[in-house]
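Undergrad: Fold the following for me, if possible:
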Amino acid sequence: MANHELAAAFGAADAAKEQDLRGYYPMAARVLAEEGFLGAVKVEAREGRPALVMAIRYDEDGKPFIDGIRRVSRPGRRVYVGHDEIPKVRSGLGVAIVSTSRGVLSDRAAREAGVGGEVLCEVW
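TA: Down below sits the predicted model:
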């Protein structure tokens, strides 16, 4: 997966470096870390402003765990689903990040909680 795909989904210039804290970014990063796609996720002060620093995990061969990412819901086209319509990404090998009334959850957690919401992106 190219860094520009991750950057486009999260709005960062370089996905492995940093980005401003706004919107769903910190919560989505937490979900990706819980699902094992990201390593350390922390907030640091950079130039007097808080920045979200994410470390992409790699396997033994140096291949990133994130193979692809796709933004689903966009400002011009919001995608809302019920708990029974939450997509399974790559037959369960990936994860969809869903903004629900209980916070930002992975697709699995949203299904278990029985809540639907806005599908932000899919990661595989």
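Undergrad: beta partners of E44?
TA: A51 (DSSP bridges).
Undergrad: how near is it to A33?
TA: 15 Å (CB to CB, to the nearest Å). Where C-beta positions appear, they are placed from N, C-alpha and C, glycine not excepted.
Undergrad: Who has more neighbours out of these two?
TA: Taking neighbours as other CB atoms under 10 Å, E44 and A33 compare with A33 leading, 17 against 10.
Undergrad: Which elements pack onto the longest helix belonging to the chain?
TA: In the chain, with assignment by DSSP state H, the single longest helix is helix 25-34. The contact analysis (3 or more CB pairs under 8 Å, 6 or more residues apart in numbering; DSSP states H and E) places helix 25-34 against helix 3-10, strand 38-46, strand 49-56, strand 95-100, strand 103-106, strand 117-123.
Undergrad: Over to E60. Which of the three states is it?
TA: coil (DSSP: H, G, I helix; E, B strand; the rest coil).
Undergrad: What are the phi and psi values at it?
TA: Reported as degrees, to the nearest 10, the phi and psi values for E60 are phi -60, psi -30.
Undergrad: I'd like to know how many residues surround it.
TA: Counted with other CB under 10 Å, E60 comes out at 5.
Undergrad: Need the pLDDT of it.
TA: E60 carries a pLDDT value of 94.
Undergrad: E112 - that's part of a strand, no?
TA: No: secondary structure of E112 (three-state DSSP): helix, not part of a strand.
Undergrad: Distance of it relative to D61?
TA: Counting by CB to CB, the gap from E112 to D61 is 33 Å.
Undergrad: Also L38?
TA: According to CB to CB, L38 and D61 sit 18 Å apart.
Undergrad: if you count what's nearby, which of those two comes out ahead?
TA: It is L38, of L38 and D61, that has more neighbours when counted by other CB under 10 Å, with 22 against 5.
Undergrad: lowest-confidence helix or strand of the protein?
TA: Ranked by mean pLDDT, DSSP states H and E, the weakest helix or strand in the chain is strand 18-20, scoring a mean of 43.
Undergrad: I'm done for today, thanks for sticking with me.
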